[in-house]
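Asker: got a predicted model here, sequence first, then my questions.
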Amino acid sequence: MNKNKRLYIIYFIVAFVFKSAFFLYKIADYNHVNKEYTNIIGLEGGDTSSYISPIDNFIEHGNYFDDHRMPGYGFFYFIFRLFLTKTLALNSLLILQLIVDSISVVVLAKISEYFSKSKVVFFLTFLVYCISTFVSIFDVYLLSEALCTSFLIFSLYFLLKPAYNNNKNIDYFFSGLFLTGSVFMRPIVFPLFVLFLLYISLSMINKTVFYKFKIFLFFLLSFILIDGVWTYRNYIIYNKFYPLQKSVFYLQGNKSYSNAMVVFISSYGGSHVSWDPKADITFYKPYNLNIGNSKIEVPPPSYIYTSEFNYDSLLLLKNDIRIIDSIGINSKNTETLNQKTIERLNRYTNSIKSEKPFLYYVSSRFSVLKTFVFHSGTYNLFDKLSSELNFYEYIVKLGYSLLYCLIMFFGIIGGFYFIIFKSKNRELLVVCFTAFYLLLAYPFVFRMSEYRYLVTAYPFLLLTSVFFTFYISRSFYKLVKRNNTGKVF
């Protein structure tokens, strides 16, 4: 084993130790009582069952049935489940994503070294991503965020590797394979195939048609095979062409008012994140502070009203939702009221769309983007309010919030700078466009502002922030050096 490989192994061990320490801290005081998965070493989220239950159903009944979720994350649970009990398989999945995330720290740092040719930049990227909790906090959860993000880093690494090392066709295959894995965990990632193919085309502009076709085939092979099987499966079950997932929402949500309410709140740029006390949904479903009977309600903005509804209309809507929730959505007593609520929400949404098209099509998306990006970055670092933190916890939270703000600021500014002024560097551009696509996809396409969807963009914004910091520092150093030599600058 050569010196470089030994050094990378050491870096991996350091990253694993850091992330394991945070993993253990996060789960130390967690109470699994009243949770579905009571014997796991990590945590579960609201979506955990939608990843795991279809696999359990497939193992027990031979049928993978889910109207919303693709099987990318569940696949790894399935592999472990072939040899282990359910609890051991879930715990193995948590350990797997912890290991993979630790590897991704080294790989992300290696990408930065490709661009900078600097060990200092490598170490800076490694250090910042290693200690950052914005992604690694999801190592603790049975959710797809951490594993999907790591796969995206691997895919970009193998895509760019041929430009800096000897060109190997197998690198393009691995890039496509990891990107396919990411798509099967987060279908919104799919357009990156177009971006990556464009990069490959431009990087091989002088190659023969046959050579280009061969590389495209290497890159797309895994997606063609895997998604081909998945699409065929969907056609057999639904008798329709579904190459990715069947629906953005859980289809069972169509039976209640919940999906219609999400669409309505999104139509004016509001947040429908149920656990966020600052979200617009708290007006319709007040957020319980667990302090006596205290609740938070965020009133709707006055500019959303149309000829179809006003504040009083929304108060009536809120009361109907309270009645439905108190009785139960499946009760015959609420069936008519629930249907009328769905129709009312759809009517309100359509009125915004027709009467306030700029709000619906443009400004609502920027409102969601603002919510998506401008926050502390430490919303899930501690399981208590900021006012309940002790001095040391508050300092840690403040430090990580500052780190998040710096990465987002320099990452976005740097990305725009490189796109405008360094457009000849194809490798740098593909990093910038990857970061911006993952940053904008959720708020602009689906008007979703839940912070955890930002996780996939974070490491790439970290890259552009480090690149930009390195670039301006180097430029400033050259400027000072020229000035000291008496040259005009």
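Answerer: All right, it came through fine. No experiment lies behind these values; they were computed from the predicted model shown. Residues are numbered from 1 along each chain as shown.

Asker: going forward, measure contacts between C-alpha atoms and count neighbours the same way
Answerer: Noted.

Asker: the strands in the chain, which residues?
Answerer: Remark: strands assigned in the chain by DSSP state E are 287-288, 295-296.

Asker: mean pLDDT lowest where, among those?
Answerer: Of all these, the minimum mean pLDDT falls on strand 287-288 (a mean of 66).

Asker: what's the closest non-adjacent residue to residue 155?
Answerer: Spatial nearest neighbour of residue 155, chain neighbours left out: residue 175 (4.0 Å); criterion: Cα to Cα, 6 or more residues apart in numbering.

Asker: quick one: residue 358 from residue 372, how far?
Answerer: Using Cα to Cα, to the nearest Å, residue 358 is found at 20 Å from residue 372.

Asker: looking at the two, which has the bigger crowd around it?
Answerer: residue 372 (22 against 13; other Cα atoms under 10 Å).

Asker: quick check: that one touching residue 440?
Answerer: No: Residue 372 lies out of contact with residue 440 (Cα atoms under 8 Å); the separation is 9.3 Å.

Asker: around the closest residue in space to residue 160 that isn't next to it in sequence, count how many other residues there are.
Answerer: Of all residues not flanking residue 160 in the chain, residue 427 sits nearest, at 6.6 Å (Cα to Cα, 6+ apart). By the other Cα under 10 Å criterion, the neighbourhood of residue 427 contains 19 residues.

Asker: residue 356: how many residues sit nearby?
Answerer: There are 16 residues near residue 356, going by other Cα under 10 Å.

Asker: ok, now the one 10 residues further on?
Answerer: One way to gauge burial is a neighbour count; for residue 366, by other Cα under 10 Å, it gives 17.

Asker: and it, what pLDDT?
Answerer: Confidence score, pLDDT, at residue 366: 94.

Asker: for residue 478, same thing?
Answerer: On pLDDT, residue 478 comes in at 68.

Asker: for residue 81, same thing?
Answerer: Value for residue 81, per-residue pLDDT: 92.

Asker: distance of the closest residue to it other than its chain neighbours from residue 147?
Answerer: Nearest non-adjacent residue to residue 81, counting by Cα to Cα, 6+ apart: residue 89, 5.2 Å away. According to Cα to Cα, residue 89 stands 16 Å off from residue 147.

Asker: if you count surrounding residues, which of the two has more?
Answerer: residue 147 (29 against 20).

Asker: please name the nearest non-neighbouring residue to the more buried one.
Answerer: That would be residue 97: by Cα to Cα, 6+ apart, it lies 5.6 Å from residue 147.

Asker: how close does residue 89 get to residue 102?
Answerer: The value you get for residue 89 to residue 102, if Cα to Cα is used, is 20 Å.

Asker: need the contact list for residue 200.
Answerer: residue 216 (Cα atoms under 8 Å, 6 or more residues apart in numbering).

Asker: again, only this time at 10 Å
Answerer: Contact analysis of residue 200 by Cα atoms under 10 Å, 6 or more residues apart in numbering lists 159-160, 172, 194, 212, 215-216, 219, 426.

Asker: just the buried members of the residues you listed?
Answerer: Taking 16 or more other Cα atoms under 10 Å as the criterion, what is buried in the contacts of residue 200 is 159-160, 172, 212, 215-216, 219, 426.

Asker: ok, these vs residue 403, which is closest?
Answerer: The shortest gap between residue 403 and any of those belongs to residue 160, at 27.0 Å (Cα to Cα).

Asker: check what pLDDT the closest one gets.
Answerer: The model reports residue 160 with a pLDDT of 92.

Asker: any low-confidence regions in the stretch 251-400 of the chain?
Answerer: Residues of the stretch 251-400 of the chain that meet the criterion pLDDT under 70 lie in 251-254, 287-294, 328-332.

Asker: ok, back up a step: can you tell me how far the residue nearest to residue 81 is from residue 77?
Answerer: 6 Å.

Asker: that older thread, could I get the buried ones among the contacts of residue 200 as a markdown table with distance to residue 471?
Answerer: Converted to a markdown table, the buried ones among the contacts of residue 200 look like this (distance: Cα to Cα, whole Å):
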| residue | distance to residue 471 |
| --- | --- |
| 159 | 23 |
| 160 | 20 |
| 172 | 29 |
| 212 | 33 |
| 215 | 32 |
| 216 | 33 |
| 219 | 32 |
| 426 | 17 |
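
Asker: related to what we said a few turns ago, isn't the residue nearest to residue 160 up against residue 198?
Answerer: No: assessed by Cα atoms under 10 Å, residue 427 is found out of contact with residue 198, at 11.5 Å.

Asker: which residues sit against stretch 356-373?
Answerer: Outside stretch 356-373, the residues touching it (Cα under 10 Å, 6+ apart) are 265-271, 278-279, 303-306, 349-354, 404-405, 408-409, 439-454.

Asker: 8 Å - rerun?
Answerer: Stretch 356-373 is contacted from outside by 266-271, 352-353, 408, 440, 443-444, 447-451, 454, using Cα under 8 Å, 6+ apart.

Asker: can you dump the C-alpha atoms of stretch 174-191 in PDB for me?
Answerer: Written as PDB, here are the backbone C-alpha positions of stretch 174-191 (Å, rounded to 0.1, in the frame of the first residue of the first chain):
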ATOM      1  CA  PHE A 174     -19.400   4.200 -11.300                       C
ATOM      2  CA  SER A 175     -20.600   7.800 -11.700                       C
ATOM      3  CA  GLY A 176     -23.800   6.600 -13.300                       C
ATOM      4  CA  LEU A 177     -24.300   3.800 -10.800                       C
ATOM      5  CA  PHE A 178     -24.100   6.200  -7.800                       C
ATOM      6  CA  LEU A 179     -26.200   8.700  -9.500                       C
ATOM      7  CA  THR A 180     -28.800   6.000 -10.200                       C
ATOM      8  CA  GLY A 181     -28.700   5.100  -6.500                       C
ATOM      9  CA  SER A 182     -29.300   8.700  -5.600                       C
ATOM     10  CA  VAL A 183     -32.300   8.900  -8.000                       C
ATOM     11  CA  PHE A 184     -33.800   5.800  -6.500                       C
ATOM     12  CA  MET A 185     -33.600   7.500  -3.100                       C
ATOM     13  CA  ARG A 186     -34.500  11.000  -4.200                       C
ATOM     14  CA  PRO A 187     -36.200  11.100  -7.700                       C
ATOM     15  CA  ILE A 188     -35.800  14.900  -7.900                       C
ATOM     16  CA  VAL A 189     -32.000  14.200  -8.500                       C
ATOM     17  CA  PHE A 190     -32.800  12.800 -12.000                       C
ATOM     18  CA  PRO A 191     -32.100  16.000 -14.000                       C
END
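
Asker: now it, how far from the centre of its chain.
Answerer: 12 Å (Cα atoms, centre = their mean, to the nearest Å).

Asker: number the residues from 780 up from this point.
Answerer: Taking 780 as the first residue, the last one we looked at is stretch 953-970.
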